[in-house]
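Visitor: How does the following fold in three dimensions:
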Amino acid sequence: MFTALEQIPYAELAGRHARCRELLARLAPEAGGMLVCSRVEIYYLTGTLASGLFWLPLSGEPVLLTRRGVERARLESPLRLIASFRSYRDLAGICAEAGSPLPPCIAVDKAGFSWSMGELLQKHLPGTRFTSCDLALRKARAIKSEWELRKLRLCGERHRAALEESLPERLSPGMTELEIAHLVHETFCEWGNGVVTRMYAHGEENHGLLAVGDSGLYPTYYNGPLGARGLHPSIPYLGDAGTVWRPHTLLTVDVGFTVEGYNTDKTQVYWSGDAASLPQRLIAAHAACEEAYRHCAERLRPGLAPSQLWREVLEMMERAGQAEGFMGMGGNKVAFLGHGTGLTVDDLPVFAAGFDEPLEEGMVVAVEPKIAIPGIGLTGVENTFEITARGARSLSGSRIGIIPLS
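Guide: Predicted coordinates:
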């Protein structure tokens with residue numbers, strides 16, 4: 001009676017399974033397969049956002065096990081073996097009956113299992129040894145297929161149009177941060193935004209950040225350079241109803257865009273006044289961000305180590321006299337320049353010290369040089385790039401200047 005809105009091609013899933021098996025054999029050779037709990041990872045491996053478990057043996061047919069909604073899973077996923085289960089005590093029997101028995105050592109996504117779930121798994125699979133498949137999964141998801149790239153390209157173009165074309169026509173000084181937040185989300189939805197921006201980091205939420213003036217320096221728990229008062233201490237996102245965007249004040253909008261589960265990241269800075277009213281400190285700081293951004297756009301290509309680009313931009317900021325405010329002020333300062341993005345907005349790779357594995361074709365990354373300025377706020381540039389064999393291609397636009405609005 002029902003038809004799925006989309007069913008992922010089986011060949012797409014088969015390619016992902018093959019890559020995960022290859023990485024698992026290299027990174028956790030003792031494991032006979034991976035048992036996945038995270039719903040984002042289950043979606044990546046099955047094409048449906050099922051609540052349950054996914055068993056991918058090193059050899060043999062994979063099995064999707066759902067706690068409920070098995071009918072939906074069968075509509076949306078092309079996998080042949082889809083079953084329901086009630087308890088972890090059922091897992092071994094179901095997988096054995098399906099012809100893909102559980103081995104003595106299993107790799108699990110430890111970032112997806114809670115402690116209590118892990119204890120239950122150990123209780124009901126006595127004698128089984130467990131290791132981690134987290135790194136294998138993250139490395140697999142870091143390289144996007146052409147099927148994924150088509151979604152990300154569409155996402156980036158809509159993101160660009162919303163922030164560079166539609167929003168400037170609707171913004172005006174005198175609006176509160178909360179009114180601006182509502183306007184941003186309304187504009188994004190008109191462009192087809194999928195609303196939910198997922199994150200890999202445990203417990204993190206992402207509903208977008210925007211800040212008027214020194215709200216951008218407000219202390220934050222979020223792992224990013226932009227501070228925000230937010231809606232309330234319980235909801236430190238969106239915007240504050242009591243903070244007004246007054247004339248000659250900075251507005252920084254850092255809100256992700258989503259198309260069919262895939263995310264691009266982009267930051268746009270606006271100024272409530274004409275270009276002639278921009279303060280010199282802001283002009284200088286933003287010029288340093290633009291120079292760093294252009295350097296990154298030219299250097300991004302297969303073979304470059306993310307840590308190398310991080311070091312190069314740090315040196316550029318030192319020479320420009322902007323090191324103190326680079327990537328945040330005080331406790332808001334973060335030690336990275338950018339990050340991968342895809343099904344989660346904090347994918348691998350990370351442009352930071354210690355991330356020495358070279359970039360590869362098919363990666364999608366956001367680069368975001370930003371500078372905090374006391375008394376003014378946080379300025380900067382951010383766009384999402386696709387890494388191609390010939391270099392980097394911006395998916396979310398090429399405009400990097402401050403947009404003045406009188």
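Visitor: Spell out the residue ranges of the helices in the stretch 201-350 of the chain.
Guide: For the stretch 201-350 of the chain, helices defined by DSSP state H, counting those that start in this stretch occupy the ranges 280-299, 306-320.
Visitor: In CSV, list the ones you listed along with mean neighbour count, distance to Ile180 and mean pLDDT.
Guide: No exception for glycine: its C-beta is placed from N, CA and C like everyone else's. Shown next, in CSV, are those (neighbours: other Cβ atoms under 10 Å; distance: least, Cβ to Cβ, whole Å; pLDDT from 0 to 100):
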stretch, mean neighbour count, distance to Ile180, mean pLDDT
helix 280-299, 18, 19, 98
helix 306-320, 18, 29, 98
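Visitor: Save these as CSV, and put in distance to Gly213 too.
Guide: Listed next are the helices of the stretch 201-350 of the chain as CSV, based on distance: least, Cβ to Cβ, whole Å:
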stretch, distance to Gly213
helix 280-299, 11
helix 306-320, 23
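Visitor: For Phe130, find the nearest of those.
Guide: Closest to Phe130 of those is helix 306-320 (Cβ to Cβ; 30.1 Å).
Visitor: residues making contact with that closest one?
Guide: By Cβ atoms under 8 Å, 6 or more residues apart in numbering, the residues outside helix 306-320 that reach it are 284, 288, 291-292, 295-296, 299-300, 323, 326, 336-338, 349-357, 359, 369, 371.
Visitor: Could you check the pLDDT of Cys105?
Guide: On pLDDT, Cys105 comes in at 98.
Visitor: Let me see the contact set for it.
Guide: So Cys105 contacts Glu30, Ala31, Gly32, Thr128, Arg129, Phe130, Thr131 (Cβ under 8 Å, 6+ apart).
Visitor: Quickly note the distance from the closest residue in space to the second one that isn't next to it in sequence to Trp55.
Guide: Spelled out, that is Ala31. Sequence neighbours aside, Ala107 is the residue nearest to Ala31 in space, at 3.8 Å (criterion: Cβ to Cβ, 6 or more residues apart in numbering). Ala107 is 11 Å from Trp55, where distance means Cβ to Cβ, to the nearest Å.
Visitor: and what of Met316?
Guide: 48 Å.
Visitor: quick one on the thing from earlier: can you pull the contacts of the residue nearest to Ala31?
Guide: Residues in contact with Ala107, defined by Cβ under 8 Å, 6+ apart, are Leu24, Ala28, Ala31, Gly33, Met34, Leu35, Phe130, Thr131, Ser132, Cys133, Ala136.
Visitor: Indicate which one of the helices of the stretch 201-350 of the chain is closest to Ser114.
Guide: Among the helices of the stretch 201-350 of the chain, helix 306-320 comes nearest to Ser114, with 30.4 Å by Cβ to Cβ.
Visitor: how far is the closest one from where the chain is centred?
Guide: 23 Å (Cα atoms, centre = their mean, to the nearest Å).
Visitor: quick one, it and helix 280-299 angle?
Guide: Using axes from the mean of the first three to the mean of the last three Cα atoms, to 10 degrees, the inter-axis angle of helix 306-320 relative to helix 280-299 is 150 degrees.
Visitor: export helix 306-320 as PDB, just CAs?
Guide: Taking C-alpha atoms only, helix 306-320 is exported to PDB below (Å, rounded to 0.1, in the frame of the first residue of the first chain):
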ATOM      1  CA  PRO A 306      45.000  18.500   7.400                       C
ATOM      2  CA  SER A 307      47.500  19.200  10.200                       C
ATOM      3  CA  GLN A 308      49.800  20.900   7.600                       C
ATOM      4  CA  LEU A 309      47.100  23.300   6.500                       C
ATOM      5  CA  TRP A 310      46.300  24.100  10.200                       C
ATOM      6  CA  ARG A 311      50.000  25.000  10.800                       C
ATOM      7  CA  GLU A 312      50.200  27.100   7.700                       C
ATOM      8  CA  VAL A 313      47.100  29.200   8.700                       C
ATOM      9  CA  LEU A 314      48.400  29.600  12.300                       C
ATOM     10  CA  GLU A 315      51.600  31.100  10.900                       C
ATOM     11  CA  MET A 316      49.500  33.400   8.600                       C
ATOM     12  CA  MET A 317      47.600  34.700  11.600                       C
ATOM     13  CA  GLU A 318      50.700  35.300  13.600                       C
ATOM     14  CA  ARG A 319      52.200  37.400  10.700                       C
ATOM     15  CA  ALA A 320      48.900  39.300  10.400                       C
END
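Visitor: who's in contact with stretch 144-155?
Guide: Stretch 144-155 is contacted from outside by 8-9, 12, 15-16, 257-264, 342, 362-364, 384, 386, 395, using Cβ under 8 Å, 6+ apart.
Visitor: What remains of these if I keep only buried residues?
Guide: Using 16 or more other Cβ atoms under 10 Å as the burial test, the contacts of stretch 144-155 include 8, 16, 257-259, 261-264, 342, 362-364, 384, 386, 395 as buried.
Visitor: And those residues, which two are furthest apart?
Guide: Within the buried ones among the contacts of stretch 144-155, Arg16 and Phe257 form the most distant pair, 23.5 Å apart (Cβ to Cβ).
Visitor: Can you show me the helices along the stretch 1-150 of the chain?
Guide: Here the stretch 1-150 of the chain has its helices, by DSSP H, counting those that start in this stretch, at 10-27, 39-46, 70-76, 91-97, 115-124, 134-142, 146-160.
Visitor: Name the residues contacting each of Ala107 and Trp55.
Guide: Counting by Cβ under 8 Å, 6+ apart, the residues touching both Ala107 and Trp55 are Gly33, Met34, Leu35.
Visitor: who wins for most neighbours among those?
Guide: Highest neighbour count within these: Met34, with 29 neighbours (other Cβ atoms under 10 Å).
Visitor: Quick check: bridge partners of that one?
Guide: Counting by DSSP bridges, Met34 forms beta bridges with Leu56, Ala107.
Visitor: thought it was touching Cys133?
Guide: Yes: proximity of Met34 to Cys133 meets the contact threshold set by Cβ atoms under 8 Å, at 4.0 Å.
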